[in-house]
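>>> Generate a structure from the sequence data that follows.
(chains A and B)
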Number of protein chains: 2
Amino acid sequence: MKAEIIAIGTELLLGRIINTNTAYLGRKLAELGIDLYYQTTVGDNPERLIESIKRSLVRSDIIILTGGLGPTVDDITVETVKAIAGRREIKWIANKVGTAPGLIIEETGKALICLPGPPREMEPMFEKEIVPYLKKRFGLSSILKTRVIRTTGLAEIRVNGIVKGLLTLKPPTTVGIYARLGEVDLVIMSKAKNDRQAAKAIGPIEKKIQSRLKDHIFGFDGETLESAVGKALRKKKKTLAIAESCTGGLISDRITDVSGSSDYFLAGLVTYSNRSKENLLAVSKSALQRYGAVSRQAAAQMASGAKRLIKADIGLAVTGIAGPKGGTKAKPVGLVFIAFVDGKKKIVKRFRFKGSRQEIKFQSSQAALDMIRRNI
Amino acid sequence: MKAEIIAIGTELLLGRIINTNTAYLGRKLAELGIDLYYQTTVGDNPERLIESIKRSLVRSDIIILTGGLGPTVDDITVETVKAIAGRREIKWIANKVGTAPGLIIEETGKALICLPGPPREMEPMFEKEIVPYLKKRFGLSSILKTRVIRTTGLAEIRVNGIVKGLLTLKPPTTVGIYARLGEVDLVIMSKAKNDRQAAKAIGPIEKKIQSRLKDHIFGFDGETLESAVGKALRKKKKTLAIAESCTGGLISDRITDVSGSSDYFLAGLVTYSNRSKENLLAVSKSALQRYGAVSRQAAAQMASGAKRLIKADIGLAVTGIAGPKGGTKAKPVGLVFIAFVDGKKKIVKRFRFKGSRQEIKFQSSQAALDMIRRNI
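Model (predicted):
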């Protein structure tokens, strides 16, 4: 079964909007065992849309159009598709989130499916209406099961070396490696007849990866590092206080992205000025003068100060230089100290990150969350 | 001049990576006055890539390929393009950020350009090498100038009503409206011979929009709300302290995304627990008991507490229910109070946002930043 996506909208080609629908549909189609070979984007232009649809009908079985369904002049999808459909019946699909309905047109062995462009309308419509339709209409018998194993703390090249032999596995079960800033995912994919068969193929590989990567693994599938940290804090019944300087609130923000985080997260202090480090966290003036705000000593005192002030079980602190300005030869942009304290341990680590201001903030938050996870 | 983009990578079709290159290139090509009519994504499959390149050579003048340039087995671009090029000369382009070089192959009146997939390698290569190349090679004489006018605080439908007549302008100068969560952009685009001619066309329309939307406009082009707030604080020489509950650090995080924010941002307090609201910000136990932590009274006391504790000129506080759990009939998910205090004013506003936990956090941060901007 071959599928193809056509995204419609001049705003996509002008770069006003980033196309996230293709990635979503790509994942969902893969889970259904449907091959996606092409994705095309065209503007709000009937001729080029017709040309693209006609070509897709030659080479694919399932054609999914996204966008251009609205009521304005720019929205050309319905008229264009109607012209192509001729006398064929149109099956309308209700839109429970927005106003523009979707539609399906069937041809011998093929289906042309039009979905709204906004992801919050498109995704539930695909999930609730199109997935059952495709399963029934095309009698889909094979599935693609995916298991994502998520790691942090090791560079891609290191993870690659550790799992090397597994990356050359051939279908129906394969392992891929995908790196993002501060995270490396291993993705096991298995094409199988059903969930049970897929689980049987994935299980042993997953175990092998776990035994090799051990505690570098923070979670699976959709789990985030912040939710893994939350789970660990909840399990150990520990409360957390955070003092942030260069991350500017990002760590607290990520921790509170997890619903229910108020159970373990008591407070965060974004002590951006030196005065606030002294007054709020009782970092000593002498340490700030002698070693500077970006130092092992300042980080340690910030963590202890936050723990004591908030009466939390764990205190975590980050101080560094996010850049692009403010770096010196001795303390360059990207230099970051992270401190962790609980009743027993006091750990301070030094990092040197690269990238833009936001990238340095993110990598610092990632290392800080990971430090909590590994030490409780 | 017609351009076309071909993105290469099975990981794009499987939805492991979101394609942001097309949006970037779309914007840049538009600025050069080059029309982008098609964007195609294909997997790491030589036949389908050849098919796509051959079609693009028929219908477009400039073909930009992204991805698949690396050294691994999956990276098929160079071999495929070499096969198509035959005896034609290949012009290699150095990659100053990563390892894989880009390349250009020329045919009568046409150019096939291969760029690396990772945006941080692709973008500088396009900017520094390809833009000058395209200008010279194709003698580009018309440009597309864009002016983005950014607003917050009004819903899209309201902005639409206010600028209505302008949205139907015909080329060479047009106005578009683009809404994102918590923000509505108006985009004036003018195709012209040079910058001066474009500025002359854009100027009067920009003035008209400004006179109608007034202080709902927070900035222009790449300016963010947080940088606009920073600019205003710096101009008025005011310092800021923030107390956050439901936004969990997001406002501080956004403010500190701006380089140099340490000049005006002193500290943020993420008082997630009631105890931290009492102990750190001196919110009265009686107010918390009588009105609850999500109340007009708590917000006001949090803002005053932060201002006093941090000795800042301005105190800002947010308290609310980000959900998805924790809502009641009287205090539903999405209910948010935001308070602003300075030496003279004390303002508390009530909001009711909709969406996911992250969406409610973001909209709250947006309203809070906007409240600072409008009141200093």
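
>>> show me where chain A has helices.
In chain A, the helices defined using DSSP state H lie at A:10-13, A:21-31, A:46-59, A:77-85, A:119-125, A:131-137, A:156-163, A:195-213, A:225-235, A:250-255, A:274-281, A:285-291, A:296-310, A:357-375.

>>> most tightly surrounded among the ones you listed?
Ranked by mean neighbour count, the helices of chain A are led by helix A:250-255 with a mean of 29 (mean count of other Cβ atoms under 10 Å in any protein chain shown). C-beta here means a position set from N, CA and C on the backbone, and glycine is covered the same way.

>>> which non-adjacent residue is nearest A:Ala267?
Excluding the flanking residues, the one nearest A:Ala267 by Cβ to Cβ, 6 or more residues apart in numbering or on different chains is B:Ser276, at 3.8 Å.

>>> sorry, back to before: which among the helices of chain A is found nearest to A:Gly182?
helix A:357-375 (3.7 Å; Cβ to Cβ).

>>> Using CSV, write out every CA atom in the closest one.
C-alpha atoms of helix A:357-375 as CSV (Å, rounded to 0.1, in the frame of the first residue of the first chain):
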residue,chain,number,x,y,z
ARG,A,357,22.0,31.5,23.5
GLN,A,358,18.9,29.3,23.4
GLU,A,359,20.9,26.2,22.6
ILE,A,360,23.2,26.8,25.5
LYS,A,361,20.2,27.4,27.8
PHE,A,362,18.6,24.2,26.6
GLN,A,363,21.6,22.0,26.9
SER,A,364,22.2,23.3,30.4
SER,A,365,18.6,22.5,31.4
GLN,A,366,19.0,19.1,29.9
ALA,A,367,22.2,18.4,31.9
ALA,A,368,20.6,19.7,35.0
LEU,A,369,17.5,17.5,34.7
ASP,A,370,19.7,14.6,34.0
MET,A,371,21.8,15.3,37.1
ILE,A,372,18.6,15.1,39.2
ARG,A,373,17.6,11.9,37.5
ARG,A,374,21.0,10.2,38.0
ASN,A,375,21.4,11.2,41.7
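
>>> Centre of the chain to it, how far?
16 Å (Cα atoms, centre = their mean, to the nearest Å).

>>> Distance check, whichever residue of the stretch 51-200 of chain A sits closest to chain B against B:Lys238.
Proximity of the stretch 51-200 of chain A to chain B (Cβ to the nearest Cβ) peaks at A:Tyr178, 5.3 Å away. For A:Tyr178, the distance to B:Lys238 equals 45 Å [Cβ to Cβ, to the nearest Å].

>>> How about the residue of the stretch 51-200 of chain A closest to chain B: what's its closest non-neighbour residue?
Computed as Cβ to Cβ, 6+ apart, the closest residue to A:Tyr178 that is not its neighbour in sequence is A:Asp185, at 4.6 Å.

>>> for A:Arg27, same thing?
B:Gly15 is the one closest to A:Arg27 (Cβ to Cβ, 6+ apart), at 3.5 Å.

>>> wait, what's in contact with the one you found?
A:22-28, A:30 (Cβ atoms under 8 Å, 6 or more residues apart in numbering or on different chains).

>>> Output the residues you listed in CSV; the columns should cover pLDDT.
Output for these, formatted as CSV (pLDDT from 0 to 100):
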residue, pLDDT
A:Thr22, 96
A:Ala23, 96
A:Tyr24, 97
A:Leu25, 97
A:Gly26, 96
A:Arg27, 92
A:Lys28, 94
A:Ala30, 90
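
>>> Tell me if I'm right that A:Leu233 and A:Leu266 touch.
No - with contacts counted by Cβ atoms under 8 Å, A:Leu233 stays clear of A:Leu266, the gap being 10.7 Å.

>>> picking up where we left off before, so the residue of the stretch 51-200 of chain A closest to chain B makes contact with B:Leu14?
No - in this structure A:Tyr178 lies outside contact range of B:Leu14 using Cβ under 8 Å: 9.8 Å.

>>> In this structure the residue nearest to A:Ala267 contacts A:Leu266, no?
Yes - judged on Cβ under 8 Å, B:Ser276 makes contact with A:Leu266 at a distance of 5.7 Å.

>>> Find residues that contact each of these two.
In contact with both B:Ser276 and A:Leu266: A:Ile310, using Cβ under 8 Å, 6+ apart.

>>> For A:Tyr178 and B:Leu14, work out which one has more neighbours and name it.
More neighbours surround B:Leu14 than the other of A:Tyr178 and B:Leu14, with 21 against 16 (other Cβ atoms under 10 Å in any protein chain shown).

>>> From chain A, how far off is the more buried one?
With the distance defined as Cβ to the nearest Cβ, to the nearest Å, B:Leu14 ends up 5 Å from chain A.

>>> Could you verify my assumption that that residue touches A:Ile34?
No - using Cβ under 8 Å, B:Leu14 is not in contact with A:Ile34, being 11.4 Å away.

>>> Residue numbers of the stretch 251-376 of chain A in contact with chain B?
Proximity of the stretch 251-376 of chain A to chain B, by Cβ under 8 Å from any Cβ of the partner chain, involves residues A:251-253, A:255-257, A:259-262, A:265-273, A:275-276, A:280, A:309-311, A:322-325, A:357-358, A:361.

>>> thought A:Gly117 was touching A:Thr72?
No - counting by Cβ under 8 Å, A:Gly117 stays clear of A:Thr72, with 11.9 Å between them.

>>> quick one, which of those two is more surrounded?
A:Gly117 (24 against 9).

>>> how about that one, phi and psi?
Phi and psi for A:Gly117, reported as degrees, to the nearest 10, are phi -80, psi -40.

>>> what number of residues lie near the closest residue to it other than its chain neighbours?
Excluding its sequence neighbours, the residue lying closest to A:Gly117 (Cβ to Cβ, 6+ apart) is A:Gly67, at 3.2 Å. Neighbour count for A:Gly67, taken as other Cβ under 10 Å: 28.

>>> Quick one: residues contacting A:Gly67.
A:Gly67 neighbours (Cβ under 8 Å, 6+ apart): A:7-9, A:12, A:21, A:77, A:116-117.

>>> now do A:Ile255
Contacts for A:Ile255 (Cβ under 8 Å, 6+ apart) come out as A:226, A:229-230, A:240, A:242, A:261, A:265, A:268, A:369, B:248-249.

>>> Closest one to A:Leu288 out of these, please.
Using Cβ to Cβ, the shortest approach to A:Leu288 within these belongs to A:Ile242, at 19.5 Å.

>>> bridging residues for the closest one?
Counting by DSSP bridges, A:Ile242 is bridged to A:Gly268, A:Leu316.

>>> check contacts around the residue nearest to A:Ala267.
Residues counted as contacts of B:Ser276 (Cβ under 8 Å, 6+ apart) are A:266-267, A:310, B:269.

>>> Would you confirm that A:Ile64 contacts A:Ile5?
Yes - contact criterion Cβ under 8 Å: A:Ile64 and A:Ile5 qualify, at 5.0 Å.

>>> Quick check: which ranges of the stretch 101-250 of chain A have low pLDDT?
Within the stretch 101-250 of chain A, no range satisfies pLDDT under 70.

>>> try it again with 90
Filtered on pLDDT under 90, the stretch 101-250 of chain A yields the residue ranges A:107-109, A:120, A:140-144, A:156, A:164, A:171, A:178-180, A:193-194.

>>> How about the residues of it by chain B?
With Cβ under 8 Å from any Cβ as the criterion, the stretch 101-250 of chain A comes near chain B at residues A:176, A:178, A:187, A:242, A:244, A:247-250.

>>> and with 6 Å instead?
A:178, A:248-250 (Cβ under 6 Å from any Cβ of the partner chain).

>>> For A:Leu186, which non-adjacent residue is closest in space?
Spatial nearest neighbour of A:Leu186, excluding adjacent residues (Cβ to Cβ, 6+ apart): A:Ile149 at 4.4 Å.
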